[in-house]
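> Pasting the sequence and the predicted coordinates here, then a few questions.
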4 protein chains.
Amino acid sequence: MNLTRRLFAEWLGTAFLLATVVGSGIMAERLSGGNVAIALLANAIATGAVLCALIMTFAEISGAHFNPAVTFAAALQRQLPSKEALLYVLVQIIGAFCGVAAAHGMFGQQVFFASQHMRTGPAQWWSEFIATFGLLAVIFGCSRSRPNAVPFAVASYIVGAYWFTSSTSFANPAVTLARAATNTFAGIRPMDAPGFIAAQLVGAAAATFVFTWLLKESP
Amino acid sequence: MNLTRRLFAEWLGTAFLLATVVGSGIMAERLSGGNVAIALLANAIATGAVLCALIMTFAEISGAHFNPAVTFAAALQRQLPSKEALLYVLVQIIGAFCGVAAAHGMFGQQVFFASQHMRTGPAQWWSEFIATFGLLAVIFGCSRSRPNAVPFAVASYIVGAYWFTSSTSFANPAVTLARAATNTFAGIRPMDAPGFIAAQLVGAAAATFVFTWLLKESP
Amino acid sequence: MNLTRRLFAEWLGTAFLLATVVGSGIMAERLSGGNVAIALLANAIATGAVLCALIMTFAEISGAHFNPAVTFAAALQRQLPSKEALLYVLVQIIGAFCGVAAAHGMFGQQVFFASQHMRTGPAQWWSEFIATFGLLAVIFGCSRSRPNAVPFAVASYIVGAYWFTSSTSFANPAVTLARAATNTFAGIRPMDAPGFIAAQLVGAAAATFVFTWLLKESP
Amino acid sequence: MNLTRRLFAEWLGTAFLLATVVGSGIMAERLSGGNVAIALLANAIATGAVLCALIMTFAEISGAHFNPAVTFAAALQRQLPSKEALLYVLVQIIGAFCGVAAAHGMFGQQVFFASQHMRTGPAQWWSEFIATFGLLAVIFGCSRSRPNAVPFAVASYIVGAYWFTSSTSFANPAVTLARAATNTFAGIRPMDAPGFIAAQLVGAAAATFVFTWLLKESP
């Protein structure tokens, strides 16, 4: 598959992912009458369901990363040249913002507006480290032994990770940046994004290190 | 498989789909005590679950379109002769109304009654465009690389799309027409149906155009 | 597989199915604070999830019917000798009552007590006809084209059918009889059971008739 | 795969399982506004979703037991040498406590604190017997006839078992011990753990006995 089409697939897939995360968050908040558990349950189920469909749709085209942390890990393992990895990350970030804008359009809101949702502190950074470590663990483990199950495993993991972390598991730098541009259920204050992204990248690097050892061929 | 049986399968499958959408909407509204998020969550899960089972049941017989937008895209790609496509659309629409009537019967209501549920405006049309574009994207992408997963991918997508669009993602002209004949949770005012259907057909055509390019064999 | 072990599998599987339906109904009613939609959602998800696991567990042993309507349809199609079918039905009914007793034990209630939950009238009978027709349709359609997906398709269908029918889709005569012996969320008055069972058997026969035609080999 | 890496996988997988059970319980309790049904639904869905992903990730490395009852049954069937089984159990227990500590860290709580959540009595012990018997039944039945479906079958079963038992189905001695160290939604009083563990081991032994007979090769 040529690079243009792979980049297009990453752009489109990441846009749909963000439209889902932000759009379902808006819908959930509007309808849930203040019960945040119901809102988060709907948000998590919608995200997982669409993510599964998107990975199935785009996996054979671009690998369906939709996530700079995943692309970063692939580059660390030399599965992707550095230059292509940078382009992947670039279109993922652009796609993420396009997805937020698309969601705002679907709910009659302005294109972008900065979030005021505070998400910071060691507990949340630890959450993002764990969430991203786990995401990469699932990808590494399943890719090797049952590649056809990766879409389902990743989506399942994310549904659960919305709940078992105090940060609701962003686990994705492009998602983090774009969610700073929505002042809705899924938002994060722009000033809090760097802490999240740093924790995510450390988690991705740690998982790459651990699973390279764990999955290496026995001598 | 001969055409009569294929048309019967499209009729029966679309009828069950609408019975599910409308029936579960009625049940959800009755039981949810005014919490619309719980009602929509039940409605979305029920729809996705039955849709998955229906596609698995009928895919080998008729292709399990149950949706004129899908049939329209198949005809655009010349996978289905125009005459057969028209018959598909006809039995889908008839099936959709039969499904609504069946649901009304299950809940002790009259056969048909016009909806008064307003669903209109650019935000909702944009939602239907996105929803139908995404549905076709999932079908095109998965059909090519993992056809056995199509039922699951489509159903997952629909569960999420109920939540990430402000229109709750009809994404289906036959569904739109028939839901104008129920004044319950899932209804849409008859006067609002044409706007939805136009947006759906534009979305389907756009997805067909984009994915024909994206998935063409590399030279 | 010899008949004794097949009958044991039908007994054990049906017992677990009923323990799930009744037990999760009790738990849901206790915890849901009067919101019946939340209770039914939990009841439906628990039933579908366990049913899927049970069919996967026992399919290769006994066929995993757990349902006299399914056994009846298999006998109509001469897939099972009449004498074995009768024994299947017998152990399914015994297993169903054992499952109800097991659930009552898990929640500290007496072994059996007659339900006072009224479920009757044409709308509910029509619901049971539709529900059982659909269940058999899913089994017939999937068994032929994708047998490995049957557990998932059946479970998905049942999750949705809890919601789209006004009867919450018993769709199983053994389940109906045993649920008459619990005065909890999942119960049905003993006097209402015959109407349900009649509608179920008519639905099963109709589906067998229709799908024998729909799926016959083309000449 | 060498033993060190298998033990590491059991440690890491069990830690993630407990982080999920305890973390999602804390999140659910915080957000659900006192509606325990919503909290348990989120807790069950999160647990099942992550468990499915974890089994897919680690099955090819260590077998993905994450549960002394499963390891015990494997040792009874001589699939695992006794010495390895003891090491498995040891790292599972250590992993379980690490997971609880990780979850407490994610939610800003102290490392460990003893639960005051009373869970005792014959109804709960009977629940744990049934839950563990069923878990092993699913593992034995699926492992033989459709090994690729085991992760999904086990996770589905657990989602349902949270609801159909009055104990919310711990079904795992390592989980039981570690949940005694959290005074949150998922906790159990330390003094109640031995009763749960005894019931679990009896259930596992009973299932091993029954399924060895049920699944033995026909002569």
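In hand now; what should we look at? Numbering: from 1, shown residues only, chains lettered A, B, ... in the order given.

> Following element in sequence after the strand or helix carrying residue A:88, please.
Using DSSP states H and E, residue A:88 maps to helix A:82-106. Sequence-wise, the next helix or strand downstream of helix A:82-106 (DSSP H and E) is helix A:122-145.

> buried sites along that next one?
When burial is assessed from 16 or more other CB atoms under 10 Å in any protein chain shown, helix A:122-145 yields the following buried residues: A:123-143. All C-beta atoms are positioned from the backbone trio N, CA, C, and that covers glycine.

> For stretch A:34-46, the averaged confidence score.
The pLDDT scores in stretch A:34-46 average 97.

> Poorly predicted segments of chain A, please.
A:218-219 (pLDDT under 70).

> switch to 90 and redo it
Where chain A drops to pLDDT under 90, the residues are A:1, A:144-145, A:216-219.

> returning to what we had before: what packs against the helix holding residue A:88?
Contacts defined by 3 or more CB pairs under 8 Å, 6 or more residues apart in numbering or on different chains; DSSP states H and E place helix A:82-106 against helix A:3-31, helix A:68-76, helix A:173-179, helix B:122-145.

> anything in the third one near chain B?
No. Under the criterion of CB under 8 Å from any CB of the partner chain, chain B is not reached by helix A:173-179; the shortest gap measures 14.1 Å.

> one step back: would you reformat the helices and strands packed on helix A:82-106 as CSV and include distance to residue C:59?
Converted to CSV, the helices and strands packed on helix A:82-106 look like this (distance: least, CB to CB, whole Å):
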stretch, distance to residue C:59
helix A:3-31, 35
helix A:68-76, 36
helix A:173-179, 40
helix B:122-145, 26
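
> returning to that earlier point: the buried residues of helix A:122-145 also near chain D: which ones?
By CB under 8 Å from any CB, the members of the buried residues of helix A:122-145 lying near chain D are A:123, A:126, A:127, A:130, A:134, A:137, A:138, A:140, A:141, A:142.

> that older thread, can you tell me which of the helices and strands packed on helix A:82-106 is nearest to residue D:188?
Residue D:188 lies closest to helix A:3-31 among the helices and strands packed on helix A:82-106, at 31.8 Å (CB to CB).

> so where does the residue in chain A positioned nearest to chain C fall, helix or strand?
Closest contact between chain A and chain C, by CB to the nearest CB, is at residue A:38 (8.7 Å). Taking DSSP H and E as the definition, residue A:38 sits inside helix A:36-62.

> now the residue nearest the centre of chain A, nearest residue through space, not along the chain?
Of all residues in chain A, the one closest to the mean position by CA atoms, centre = their mean is residue A:172, 3.9 Å from it. For residue A:172, ignoring the flanking residues on the chain, the nearest one in space by CB to CB, 6 or more residues apart in numbering or on different chains is residue A:67 at 4.3 Å.

> do the same with residue A:1
Nearest non-adjacent residue to residue A:1, counting by CB to CB, 6+ apart: residue A:61, 5.6 Å away.

> and what of residue A:202?
Leaving aside its chain neighbours, residue A:202 sits nearest to residue A:129 (5.9 Å; criterion: CB to CB, 6+ apart).

> what residues are up against the one you found?
By CB atoms under 8 Å, 6 or more residues apart in numbering or on different chains, the residues touching residue A:129 are A:199, A:200, A:202, A:203, A:206.

> can I assume residue A:199 is in contact with residue A:128?
Yes. Between residue A:199 and residue A:128 there is a contact under CB atoms under 8 Å: 3.8 Å.
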